[in-house]
Structures are given as structure tokens and as C-alpha cells.
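Colleague: Here is a sequence together with a model predicted from it:
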Amino acid sequence: MPEKNRPVRTLDIRAMKEAGDKIVALTAYDALFGSLVDESGADIILVGDSVNTVLCGRDTTLSATLDQMIYHGSIVRRGVRRALLTIDMPYLSYQVSIEDAKRNCGRVMKETGAEAVKLEGGRSVAPTVEALVEIGIPVMGHVGFTPQSVHAMGGHRVQGRKAGDRERIVEDAKALERAGAFSVVLELMPSDVAQSVTEAINVPTIGIGSGPHCDGQVLVLHDMLGLNDRFSAKFLKRYANLADSVRSAVKQFEADVRSGRYPDSSHTYE
Ligand code: KIV
């Protein structure tokens, strides 16, 4: 496990796989939640492009922009001292050309102060990953269900169930490892497929909806807190019901204001 009194580095994340220590990752989109997650001991904090759906009310991540990711990345940075801060690169910021990817990922690193970026895709983005690693940008890969390809994949579907899928996903993860990725997210795949990938590569796998055999787990913070209760999935474990707490608090405030119970003398200056 990385020491508690110094920042987590990509080498620590790689070493955790060798040591058999599970990696804990969560998303954050602002300084407040970033600091709460950081203080609570997560190893990786991901500023996911899920911000576009979870906070901004969009149906997919496709319309997330580079400026949006830089804004959220830079405010999360203010709250995070220890965890490895990783920023999702939005759709079309790295797929068009390697030049584009270098410029856009470089901007994210410079303007947010993050330690790494995450790109979706396997063999098709491996040359880009290699070029980024060559200029000193640590890259986290992401295979299986890749939300930026939601339309091409026919919706939010478990990947890896058809003949040949397991081999394809393993080859994608291996290509990312060869290209220098320091870890790979495995999203929405049967646990035995995730196990095959985890055994086939030496860099850690971080699962979401991919069972217990991954080297670590990531969840979207607002989903696991039950704050975004519009989203549910078999893999999601809710550790709190914050949406209900918010509704109930707002209702109590409403009743207090309408009845004149708030503010009372204890909340009033003399
Ligand atoms: O955008 C995101 O939050 C993600 C995680 C779910 C892995 O990519």
C-alpha cells in the first residue's frame, strides 16, 4: 500500500498489483468531494467525463468538452493532496490525430496539475498512448464498455459475451500495456473475462461492473453515495442514500420557512 503521508504515484499503483493490494478508485468533480474522497483514503481520484451525465444532466458523455474537463480537473486538484489525480479525456480530444492528442492531453496536464489522463479504447488508441507516454504523460487505458462509443455498441451493454470477444479484449489490454499504460479500466464485462485480462497483463486492472478479479475497483461517487439515484445497475452497491437525505432536508426547510419556525432566536443575530 502507498504510504499515507505522501502523494500516490503511478509506480505505487503498479506496485500494488505486484503486492496483491487492491486499488481503490472513485470519481470526483469538485474540490469539496475531491477532498472528502482523498481524506478517506482512495488511491486514485478520477475526474470522469461522466461529469457530463451525472452533474450536467446530459444523456451521454459525448458532448463533454476539453474546457469542461480542465475546469473540473483544476477544481478537484484544489481538494486532492494524496490520491493520484487522473482526468478523462473527452470524446474527439484524442481520436483525430496523435498531434491533437499530445496537445490536448498536454493542456490537461499543464492546466489542471493532474498526474495522469485516461483514454478509451484498445488497439486503436495504442499508438496514441505510446506517443503520450513518450512525452511524459502517464496514461490509464479503458476497455470493455467504453461510454464514448455507446451508440456504436448499441447502448449500455455488457461486453465480452460473444465468441472471440474475450480474445479481443485481452489483445486490447495487452496493446495498452505494450504502449506504456500504467493501468487499464475494465468496464462492464463478465468476471471471467476480466479475470483473463487481469492475468494476461502486468499492469493493474481497475474494474467497474467487471467482478472481483480485477486488481482494483472504481465507482462513480455520486452513484455509490445514492446521490444520483436516477442510475441503477446490478454492479452498483449503494453505500448511502444521500438523494433521500437531500429531499428530506429540503422538505423540512420548506415546512420551517412556511410556518415561521425558521429562523428562530438561536439562528438570529441580536
Ligand atoms: O467517466 C467515468 O466516470 C469513468 C469511470 C466510470 C471509469 O470513466
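Modeller: Great, that's in hand.

Colleague: Tell me where the chain has helices.
Modeller: Using DSSP state H, the helices of the chain run over 10-19, 31-39, 51-54, 66-79, 98-112, 126-134, 165-179, 191-200, 221-224, 242-259.

Colleague: give the contact list for the closest residue to residue 148 other than its chain neighbours.
Modeller: For residue 148, ignoring the flanking residues on the chain, the nearest one in space by Cβ to Cβ, 6 or more residues apart in numbering is residue 91 at 4.5 Å. The C-beta positions use only the backbone N, C-alpha and C, and glycine is treated the same way. Neighbouring residues of residue 91 by Cβ atoms under 8 Å, 6 or more residues apart in numbering: 49, 61, 62, 63, 64, 148.

Colleague: Going through those, which ones are buried?
Modeller: For the contacts of residue 91, a neighbour count by 16 or more other Cβ atoms under 10 Å gives the buried set as 49, 61, 62, 64, 148.

Colleague: separation between the first one and residue 174?
Modeller: It refers to residue 49. Applying Cβ to Cβ, to the nearest Å, the value for residue 49 to residue 174 is 25 Å.

Colleague: In the protein, which residue sits closest to the ligand?
Modeller: Distance from the ligand to each residue of the chain (Cβ to the nearest ligand atom) is smallest for residue 48, at 2.1 Å.

Colleague: Number of residues surrounding that residue?
Modeller: Close neighbours of residue 48, defined as other Cβ atoms under 10 Å, add up to 28.

Colleague: wait, it sits on residue 222?
Modeller: No - if you go by Cβ atoms under 8 Å, residue 48 and residue 222 don't touch, sitting 10.1 Å apart.

Colleague: Flag the shaky bits of this protein, pLDDT-wise.
Modeller: For the chain, applying pLDDT under 70 flags no range at all.

Colleague: Which residues of it lie near the ligand?
Modeller: 27, 46, 48, 49, 50, 88, 185, 208, 218, 220 (Cβ under 6 Å from any ligand atom).

Colleague: Excluding chain neighbours, what is closest to the third one?
Modeller: Going back to what we said before, that points to residue 48. residue 27 (4.4 Å).

Colleague: The one you found: how many residues sit nearby?
Modeller: Using other Cβ under 10 Å, residue 27 has 29 neighbouring residues.

Colleague: cool, residue 162 as well?
Modeller: Other residues close to residue 162 by other Cβ under 10 Å number 8.

Colleague: and if you look at the one 4 residues further on?
Modeller: Taking other Cβ under 10 Å as the criterion, the count of residues near residue 166 is 19.

Colleague: for it, what are its contacts?
Modeller: Counted by Cβ under 8 Å, 6+ apart, residue 166 has contacts 160, 193, 196.

Colleague: so what sits against both of residue 48 and residue 222?
Modeller: Residues touching both residue 48 and residue 222 (Cβ under 8 Å, 6+ apart) are residue 27.

Colleague: Report the contact partners of the residue nearest to residue 215 when sequence neighbours are not counted.
Modeller: In this structure, residue 215 finds its nearest non-sequential neighbour in residue 204, 3.7 Å apart by Cβ to Cβ, 6+ apart. If a contact means Cβ under 8 Å, 6+ apart, then residue 204 has 13, 14, 16, 17, 23, 182, 183, 184, 214, 215, 216 as its contacts.

Colleague: The last one: what's its closest spatial neighbour, skipping adjacent residues?
Modeller: Read it as residue 216. Residue 216 sits nearest to residue 23 (Cβ to Cβ, 6+ apart), 2.6 Å away.

Colleague: Surely the one you found touches residue 46?
Modeller: No - contact criterion Cβ under 8 Å: residue 23 and residue 46 do not qualify, at 11.6 Å.

Colleague: And these two? Which one has more around it.
Modeller: Neighbour count, other Cβ under 10 Å: between residue 23 and residue 46, residue 46 has more, with 29 against 26.

Colleague: Show the contacting residues for the more buried one.
Modeller: Taking Cβ under 8 Å, 6+ apart, we find residue 46 in contact with 25, 26, 27, 28, 86, 87, 88, 118, 140, 218.

Colleague: Also residue 221?
Modeller: Going by Cβ under 8 Å, 6+ apart, residue 221 touches 26, 27, 28, 33, 37, 227.

Colleague: Closest one of these to residue 57?
Modeller: Set against residue 57, the nearest of the contacts of residue 221 by Cβ to Cβ is residue 227 (13.8 Å).
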